[in-house]
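Chemist: the following comprises the amino acid sequence and a computationally predicted model.
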Amino acid sequence: MITDTDDMYPGYQDGVSSRIQSLWLSRLLESAVPLTWEAVIVGIMAFTAVFSRLWALGARVMSHDESLHVYYSWLLATGKGFVHNPMMHGPFLFEATALINVLFGASDFTSRLIPAVLGMFIVIFIPQLLKPWLGRIGALATSVFLLISPFMLYFSRYIRHDIQVIAWTLLVIVAIFRYLENRRDRDLILLAAALALMLSTMEIAFIYLAILTGFLALRIIAQHRLRWQALRKAAEFDLLVVLTTLGAFFSSPIALIVLNPVWMRMTGAPFVDMKILDTQGISWVTGAAGVRLWGLFTVFSISAVALGLWWDCKRWLKLAGVFAAITLPLFTTFFTNPAGIGTGFIGSLGYWLSQQGVERGSQPWYYYFVVFPLYEYLPLIGGLLAGAAYLIRRKSFSSSARTFVPFLIWWAAWIFTALSLAGEKMPWLSTHIAIPFILLTGWWVGQLAEELGKSDRFRSKRWRNSLRWIALGSVGVLTILTLRTSIAVNYKNYDFATEYIDYAHGAPGVKWALADIAAIANHAGAGRDLKVAYDNEVSWPMIWYLRDYPNLAYFGEQPDRQALAAEVVIAGPKNWKKVEAFLGNSYHRFELTRLWWPLEDYKNLTWERIRNSLTDSSMRSALWDILWDRDYRRYAELTGQKLNPPADWPLAERMRIYVQRDIAVKMLSLSLGPTMLEDLPETVDAYAAVQRPIKPSQVIADVGLNSPRGLATGSDGEIYVADT
């Protein structure tokens, strides 16, 4: 007789099942996430990356550029649409941030989540994806350096395009080096998708495109010379075709660099005047210039399609489909803005080519030699030593290192050169310089550690081991110093222009004013219906911070009584006299800093200035105070400047907050209290002494008029009234 085991032994089946499940789960965990020291370190760094990118993410005041980005993202999130504008770079940032706003609401914190998440991705995943070339220890070291990098951390907490385009660029590099080793189609698909995101994010993608194609072209020629059959079969050839054909759809304005001088010599006029592309839309679409621009785009596009189909029809169409499926929806705001094809595929590169002569910020050619070492001294020193070590001992390194490290050296050299030659030089562009130097340093540290491990087994020469230990110890000291610098700039001085890591900082007074406006709204009982008037000078970032007040009144450069009939008025210096002529002494006035910039005494440097600064002990001490602790007091004494933030700072834009006196006097306290100015004297009527009453010669009785606006007497004596 067969008896069911469950009946004979109650709980037997449950016990067996539980043991089987436990065994299966333990084996799954062992195979999926082996608990090694490497996994533990990666886990700790992942936690630290998340914490460091999210901690107090919304505390810092939005800078000028940030407020533009978040405001237009918020407009899209609230159903007001978005139109791509090449002045503010690619559409990905705006559309991704708008999605976050829809899901989690709009705030300083949520609006910075996209760069924060991608910053975490760069720290946690990119070194692991590059582990075959960085090495096991090198990948871990790279994660540490990315984690603590002052520039990478700061701009992972900053709503700009740089961290995003760096993430996509690193994915492009992963795809390229994977394809060079394995030649799998899935790596080409990753390449096409990441390239599309690069070009949809920021125009520095064109510099990266030139760096990548230049390296691959040199590599393929070095390996195969000019033997066509060998070139045609090389993996580098496939990559060059994909990069050039897909990149060509956005690159047609580059032809103007050659065409304009030639056309000028032939006809006396440029083929297309670059000034035409200095626009935020597609006003160039009409006329001869528009025809020529679209003609160039057509030529580039047809050439790209022809080359791609000749290379491999089926594969290229698949890759082009992936590329178009990303770029077309993003630039047309999911097909609601057809003009985005023009502003994106032609205007992106065209606008920024036209801007090179503008030189925003007017920074000197040596700008990055000044700003970059202030923060990224670890990767700068480590990267230079790594490059030197590779060039001296390149034959002793693995084949993967002999492929990857030359590329990093090429990348570091060209990105530094390109950004130094570019017209616009800004601190956030230093993130692009930091990445290849960090990768070089991480690889080098990994090599040092691995060589020390091997030397213990094979008894390498002692002096070599001593040098390796000294090098690693020096990196350790620089790592600790970098961590100190990064904490100071990201969590201590983040709102102050004493740091050189940002430009056009939002000053802390902005949030002080916002807190008081909210308190006034609650005290007055108006809530969000409080009327706040503001001018053109304070629009950014105030338009973002006051977005939830529906009774905003914008008066631009021309204030009037209707606009200024508000409980709170905010104005910039150019409009103070105009505003105060209306408000008189019925408002309390508060003055504080809205935006400020780092000190720019490094401009117009000469060898004599440098020598004098280094030989003068007092100036050396003052410069050391700035370098070590961003303390400007001694420097202020020597130069006669007022450097006492937030009260005094020479490179700053001020704003005044006007609060109705009858509201302000009832408030127990205001954050703006210390910034209060003397009230204006009471307005005196200069004609009061000579006034005399006049009796009307005639009074017209109420005849049911609505709102009379004009009066005239006809030739027949009748009185005519113009009524609304």
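Modeler: Yes, it's here.
Chemist: for the record, mean pLDDT for stretch 691-704?
Modeler: For stretch 691-704, mean pLDDT is 76.
Chemist: now swap in stretch 137-147 and tell me
Modeler: On average, stretch 137-147 scores 97.
Chemist: contact partners of it?
Modeler: 38, 41-42, 45, 48-49, 52, 122-124, 126-128, 130-131, 134, 152-153, 378-379, 382, 438-439, 441-447, 449-450, 479, 482 (C-beta atoms under 8 Å, 6 or more residues apart in numbering). Yep, even glycine has a C-beta here, placed from its N, CA and C like the rest.
Chemist: where does the stretch 351-500 of the chain have low pLDDT?
Modeler: 455-461 (pLDDT under 70).
Chemist: one step back: separate out the buried members of the contacts of stretch 137-147.
Modeler: 42, 45, 48-49, 52, 122-124, 126-127, 130-131, 134, 152-153, 378-379, 382, 438-439, 441-447, 449, 479, 482 (16 or more other C-beta atoms under 10 Å).
Chemist: quick one: which of those sit in strands?
Modeler: Per DSSP state E, strands hold no members of those.
Chemist: spatially nearest residue to P329 (excluding sequence neighbours)?
Modeler: F335 (6.7 Å; C-beta to C-beta, 6 or more residues apart in numbering).
Chemist: ok, now how distant is the one you found from W469?
Modeler: Per C-beta to C-beta, to the nearest Å, F335 is found 61 Å from W469.
Chemist: show me what the helix ranked longest in the chain packs onto, helices and strands only.
Modeler: The longest helix of the chain (DSSP state H) is helix 287-331. Applying 3 or more C-beta pairs under 8 Å, 6 or more residues apart in numbering; DSSP states H and E, one finds that helix 287-331 contacts helix 185-199, helix 235-248, helix 340-345.
Chemist: ok, which of those comes nearest S67?
Modeler: Across the helices and strands packed on helix 287-331, S67 has its closest neighbour in helix 340-345 (21.6 Å, C-beta to C-beta).
Chemist: mind listing what's buried in the helix or strand in which Q164 is found?
Modeler: Q164 is part of helix 162-182, with elements assigned from DSSP states H and E. Of the residues in helix 162-182, 162-180 count as buried by neighbour count, 16+ other C-beta under 10 Å.
Chemist: export stretch 369-383 as CSV, just CAs?
Modeler: The C-alpha trace of stretch 369-383 is given here as CSV (Å, rounded to 0.1, in the frame of the first residue of the first chain):
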residue,chain,number,x,y,z
PHE,A,369,45.9,75.7,-15.6
VAL,A,370,44.6,77.9,-12.7
VAL,A,371,41.3,76.3,-11.8
PHE,A,372,41.8,72.6,-12.5
PRO,A,373,44.8,72.1,-10.1
LEU,A,374,43.0,73.8,-7.3
TYR,A,375,40.7,70.8,-7.0
GLU,A,376,41.9,67.9,-9.1
TYR,A,377,45.6,67.8,-8.1
LEU,A,378,45.3,64.1,-7.4
PRO,A,379,44.3,63.0,-10.9
LEU,A,380,46.5,65.7,-12.5
ILE,A,381,49.7,64.4,-10.8
GLY,A,382,48.6,60.8,-11.0
GLY,A,383,47.6,61.0,-14.6
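Chemist: would you mind listing the buried residues in that stretch?
Modeler: V371, F372, L374, Y375, E376, L378, P379, L380, I381, G382, G383.
Chemist: farthest pair within the residues you listed?
Modeler: V371 and G382 (18.2 Å).
Chemist: how about the contacts made by the nearest residue to Y351 once chain neighbours are set aside?
Modeler: Nearest non-adjacent residue to Y351, counting by C-beta to C-beta, 6+ apart: P86, 3.8 Å away. Taking C-beta under 8 Å, 6+ apart, we find P86 in contact with E203, Q280, T343, G344, G347, S348, G350, Y351, W352.
Chemist: rewinding a little: show the average pLDDT along the longest helix of the chain.
Modeler: For helix 287-331, the per-residue pLDDT averages 96.
Chemist: got the angle for it vs helix 185-199?
Modeler: 120 degrees (axes from the mean of the first three to the mean of the last three C-alpha atoms, to 10 degrees).
Chemist: start at 53, not 1
Modeler: All set: I'll call the first residue 53, so the last point we hit is now helix 339-383.
Chemist: just to revisit the earlier point, return the subset of the buried ones among the contacts of stretch 189-199 lying in helices.
Modeler: 94, 97, 100-101, 104, 174-176, 178-179, 183, 186, 204-205, 430-431, 434, 490-491, 493-499, 501, 531, 534.
Chemist: would you turn the buried residues of stretch 421-435 into CSV with distance to G624?
Modeler: CSV is the format used below for the buried residues of stretch 421-435 (distance: C-beta to C-beta, whole Å):
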residue, distance to G624
V423, 28
F424, 33
L426, 31
Y427, 31
E428, 35
L430, 41
P431, 40
L432, 39
I433, 43
G434, 45
G435, 43
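Chemist: closest one of those to W680?
Modeler: Taking these together and measuring to W680 by C-beta to C-beta, the closest member is L426, at 10.8 Å.
Chemist: secondary structure element holding the closest one?
Modeler: helix 419-427.
Chemist: who are the packing partners of that helix?
Modeler: By 3+ C-beta pairs under 8 Å, 6+ apart, helix 419-427 packs against helix 451-473, helix 482-510, helix 514-543.
Chemist: now the angle between helix 287-300 and the longest helix of the chain, please.
Modeler: Using the same axes, to 10 degrees: helix 339-383 against helix 287-300 is 110 degrees.
Chemist: just the C-alpha atoms of the helix or strand encompassing M671, please, in PDB.
Modeler: M671 is located in helix 669-681, with elements delineated by DSSP H and E. Extracted C-alpha coordinates of helix 669-681, given in PDB (Å, rounded to 0.1, in the frame of the first residue of the first chain):
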ATOM      1  CA  SER A 669      56.400  86.400   1.800                       C
ATOM      2  CA  SER A 670      53.200  88.200   2.800                       C
ATOM      3  CA  MET A 671      51.600  87.500  -0.500                       C
ATOM      4  CA  ARG A 672      52.700  83.900  -0.400                       C
ATOM      5  CA  SER A 673      51.000  83.500   3.000                       C
ATOM      6  CA  ALA A 674      47.900  85.200   1.700                       C
ATOM      7  CA  LEU A 675      47.700  82.900  -1.400                       C
ATOM      8  CA  TRP A 676      48.300  79.900   0.800                       C
ATOM      9  CA  ASP A 677      45.300  80.900   3.000                       C
ATOM     10  CA  ILE A 678      43.200  81.000  -0.100                       C
ATOM     11  CA  LEU A 679      44.600  77.700  -1.400                       C
ATOM     12  CA  TRP A 680      44.300  75.800   1.900                       C
ATOM     13  CA  ASP A 681      41.100  77.200   3.400                       C
END
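Chemist: what does it contact?
Modeler: Applying C-beta under 8 Å, 6+ apart, the set of residues contacting helix 669-681 is L426, N664, S665, L666, D683, Y684, R685, R686, Y687, E689, L690.
Chemist: give me the nearest residue to the residue nearest the centre of the chain, chain neighbours excluded.
Modeler: Centroid-nearest residue in the chain: R212, 2.0 Å away (criterion: C-alpha atoms, centre = their mean). Distances taken as C-beta to C-beta, 6+ apart put W480 closest to R212, at 5.7 Å, once the chain neighbours are dropped.
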